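Novice: any chance you could fold what I've pasted below:
(chains A, B, C and D)
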Number of protein chains: 2
Amino acid sequence: MAIKIKDVAQAAEVSIATVSYVLNNSAPVSNETRRRVLDAVERLGYRPNITARNLKASETRMIGYAWHNVLPGETNAVLDRFIYQMALAAEANRYHVLTFTQSPDDPVATYDELIRTSRVDGFILAGTDRNDERIRRLIDLDFPFAAFGRSNAEWDFPYVDVDGKVGICMAVEHLLTLGHRRIACLAWPSGSLNGDARFDGYLQAMRQAGIVPKPTWIARIGNVVRDGFEAARRLMALPAHERPTAIVSLSDVMAIGAMSYLDTNGFRVGADVAVTGFDDDPMAGYLRPPLTSLHQPIDEIAVKVIEMLMVVLNDQPIPDQNILVQPTLMIRGSSNYPFSE
Amino acid sequence: MAIKIKDVAQAAEVSIATVSYVLNNSAPVSNETRRRVLDAVERLGYRPNITARNLKASETRMIGYAWHNVLPGETNAVLDRFIYQMALAAEANRYHVLTFTQSPDDPVATYDELIRTSRVDGFILAGTDRNDERIRRLIDLDFPFAAFGRSNAEWDFPYVDVDGKVGICMAVEHLLTLGHRRIACLAWPSGSLNGDARFDGYLQAMRQAGIVPKPTWIARIGNVVRDGFEAARRLMALPAHERPTAIVSLSDVMAIGAMSYLDTNGFRVGADVAVTGFDDDPMAGYLRPPLTSLHQPIDEIAVKVIEMLMVVLNDQPIPDQNILVQPTLMIRGSSNYPFSE
DNA sequence: ACAACTGGCTTAAACGTTTAATTATGCGTG
DNA sequence: CACGCATAATTAAACGTTTAAGCCAGTTGT
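Specialist: Now for the predicted structure:
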């Protein structure tokens, strides 16, 4: 098999303990002996067995991360990039990432399992929601974790989140500046944390501009292209004086659906009807026309989340455990023509 | 800390060994004793410590998978889905996936490290290429792995791959059927395994149709949207009798670039110029017009690759260790108008 | 009636580390 | 010159499992 510490000890003609001391710098060793040990280590290509070390230290140097559900034909570019950056940040701290899948019906089960079999030292959570069972459970067990996303306000846990409310606010204000007044909103059914926050941004920006959004402007739909398409159809079917001239979508996916309807039905996106999205999908800039969207600083978020978890793992108090980062509005062709009636 | 086998033994008033025997069914135990043990296990909520078990068994029940390099603003929907499905398949076999990042300059280093510290029992490789150092190394070390993708023909290792040559062949034949004769190809610089195979498909299909492709029809470009855009510009600038009426792209990304150029310069994609891609990006169906592309059966591939690795890990001979699956041509608006001059 | 087996349990060694406790050595000090 | 005291090494216990080996009582075969 692999070289073990015993082999090194033999080769260097010292005891096993001495080798360990040299390697971990955990006890004084004479220069002569140290040299002999390091020499043997080098010559034999010895690397300590992680499993044994972990057993002794009762840690695993593993961070668990649950995949979002990837449905066929669906992608979540933002989260994909998040995982990658997170893995990178974790490795910089000598941790590895264990990616697992969570069953939709009992998400907590897998977390429990990983904890009880001591597979991981901590978790990173994403796609959090209100009353998130996973968070409740982890707080309960006092098990280390950090989240990308908020949950119930009364729960005290470390997270980084994107300020969706402010983001949508910016999008609406941008459209107002262009001259739009009748601005529709493609939103998810109310109840989701993220969705409600973003939708709040729409309401607030409109209120500040002194505009009362008509109920017909608000589409509550699922986060799929098809629904965006259908919603746009309904919006464009409104009588002329009520028909929106701009559509703010809470996600790129729905925005793409809307653009698709507009484009195939004689509305020039960007000129006749402005459209904005959220997430800044890597493809957004290459759509026809390119889609205005809100960009989340994912790399920064990944690094911050890992940073937080590292602090928790060291039993240290977290200086600032609730971070809200701002998205950036990427203005593109789908919304860059000044508008007036 | 957590409940250990000792606690269970105490609670059930038997020896540690007996508990282990009951749990692993590895020795005869009387029904009475078995009941007592299982009872205690249930009551205490005992789960064996994986690290200790792994140390004893000298296995980790972990499979290593290296992230493809995710550049900012880039995604690889196909591989993302592959990882997810792979994790799912691995878990069905009581394995977990350790996702790590490989440094571009020394990809083999991380593999070595994970092996020598016994972090993983085997690897799944993706994004393989000719003379792939990682494969060479793993074969050398006789370390278990299976790959999504081929490499040097003389190397004997388990893989599943998509038949890119046949795929592109199908795309070209589809265009020929529509009536196209002047068919251009957006290809990568020669040298990559996948790229050369796909390109071969183009050449072969053209040859079979008795057409000699003009050198000006062949664009050797990078796998980015921008390059596809520029290549389309050059193709459309050719004199009328030489200008292609269809463009076969070896990837969706380049195809999208080409579509973008055509659309913004008065060429109607699908009607004036047909375009096809490869990979069937989840967004492909929602582009304007929807992009004809070759779909890879990723889910099936992920399951097969894991299946192979499981066999290797059990030291069994692999019945059929080289699998080539066929892509499916998804015909959409970017190429569905009969064409004639 | 005694050896040989067998079922059902326990004891203890092993996996490869880390580290507390211990020992050996040389040195300055009273 | 013995004493205590650093210093540098070793020995052995521990982490939580699995499992080979051992033990005992009861049964079977000759």
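Novice: what parts of the stretch 101-250 of chain A come near chain B?
Specialist: A:Thr101, A:Glu113, A:Arg116, A:Thr117, A:Ser118, A:Arg119, A:Val225 (C-beta under 8 Å from any C-beta of the partner chain). Every C-beta, even on glycine, is put in place using the N, C-alpha and C of the backbone.
Novice: ok, so of the residues you listed, who is nearest DNA strand C?
Specialist: Among those, A:Ser118 lies closest to DNA strand C (C-beta to the nearest atom of the strand), at 13.9 Å.
Novice: can you get me a residue count around the spatially closest residue to the closest one that is not a sequence neighbour?
Specialist: Nearest residue to A:Ser118, sequence neighbours excluded (C-beta to C-beta, 6 or more residues apart in numbering or on different chains): B:Asn49, at 5.3 Å. By the criterion of other C-beta atoms under 10 Å in any protein chain shown, B:Asn49 has 21 neighbours.
Novice: which residues touch B:Asn49?
Specialist: A:Leu55, A:Thr117, A:Ser118, B:Ala2, B:Lys4 (C-beta atoms under 8 Å, 6 or more residues apart in numbering or on different chains).
Novice: tell me the pLDDT at the third one?
Specialist: According to the model's per-residue confidence, A:Ser118 sits at a pLDDT of 90.
Novice: again with the last one
Specialist: Confidence per residue is given as pLDDT, and for B:Lys4 that number is 93.
Novice: circling back to that earlier point, and the two most separated of the residues of the stretch 101-250 of chain A next to chain B?
Specialist: Across those, no pair lies farther apart than A:Ser118 and A:Val225, at 42.5 Å, counting by C-beta to C-beta.
Novice: coming back round to it: from the contacts of B:Asn49, which land in helices?
Specialist: Among those, DSSP state H puts A:Leu55 in helices.
Novice: which among the contacts of B:Asn49 are in contact with DNA strand D?
Specialist: With C-beta under 7 Å from any atom of the strand as the criterion, the contacts of B:Asn49 include A:Leu55, B:Ala2, B:Lys4 near DNA strand D.
Novice: DNA strand C next: which of those are close?
Specialist: Within the ones next to DNA strand D among the contacts of B:Asn49, those near DNA strand C by C-beta under 7 Å from any atom of the strand are A:Leu55.
Novice: so can I have JSON lines of the ones next to DNA strand D among the contacts of B:Asn49 showing neighbour count?
Specialist: Below are the ones next to DNA strand D among the contacts of B:Asn49 laid out as JSON lines (neighbours: other C-beta atoms under 10 Å in any protein chain shown):
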{"residue": "A:Leu55", "neighbour count": "20"}
{"residue": "B:Ala2", "neighbour count": "15"}
{"residue": "B:Lys4", "neighbour count": "16"}
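Novice: what is the nearest of the ones next to DNA strand D among the contacts of B:Asn49 to DNA strand C?
Specialist: A:Leu55 (4.6 Å).
Novice: so A:Ile301 sits right up against A:Val162, yeah?
Specialist: Yes - using C-beta atoms under 8 Å, A:Ile301 is in contact with A:Val162, at 7.2 Å.
Novice: looking at these two, which is more packed in?
Specialist: When neighbours are counted by other C-beta under 10 Å, A:Ile301 and A:Val162 differ, and A:Val162 comes out ahead with 27 against 23.
Novice: tell me where the stretch 1-150 of chain A has helices.
Specialist: Applying DSSP state H, counting those that start in this stretch to the stretch 1-150 of chain A gives helices spanning A:5-12, A:16-24, A:31-44, A:50-57, A:77-92, A:107-116, A:133-141.
Novice: figure out which of these is closest to A:Ala232.
Specialist: With C-beta to C-beta, the closest approach to A:Ala232 among the helices of the stretch 1-150 of chain A belongs to helix A:77-92: 22.4 Å.
Novice: what packs against that closest one?
Specialist: Counting contacts by 3 or more C-beta pairs under 8 Å, 6 or more residues apart in numbering or on different chains; DSSP states H and E, helix A:77-92 packs against strand A:62-67, strand A:96-101, strand A:122-126, helix A:298-313, strand B:96-101.
Novice: send the alpha carbons of that helix over as PDB?
Specialist: Output in PDB follows, covering the C-alpha atoms of helix A:77-92 (Å, rounded to 0.1, in the frame of the first residue of the first chain):
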ATOM      1  CA  ALA A  77     -25.700  29.200 -14.000                       C
ATOM      2  CA  VAL A  78     -25.400  31.400 -10.900                       C
ATOM      3  CA  LEU A  79     -25.400  28.500  -8.400                       C
ATOM      4  CA  ASP A  80     -23.100  26.500 -10.600                       C
ATOM      5  CA  ARG A  81     -20.500  29.200 -10.500                       C
ATOM      6  CA  PHE A  82     -21.200  29.600  -6.800                       C
ATOM      7  CA  ILE A  83     -20.200  26.000  -6.100                       C
ATOM      8  CA  TYR A  84     -17.100  26.200  -8.100                       C
ATOM      9  CA  GLN A  85     -15.900  29.300  -6.400                       C
ATOM     10  CA  MET A  86     -16.800  27.900  -3.000                       C
ATOM     11  CA  ALA A  87     -14.800  24.700  -3.700                       C
ATOM     12  CA  LEU A  88     -11.900  26.900  -4.600                       C
ATOM     13  CA  ALA A  89     -12.200  29.000  -1.400                       C
ATOM     14  CA  ALA A  90     -12.600  25.900   0.700                       C
ATOM     15  CA  GLU A  91      -9.500  24.400  -0.700                       C
ATOM     16  CA  ALA A  92      -7.500  27.500   0.100                       C
END
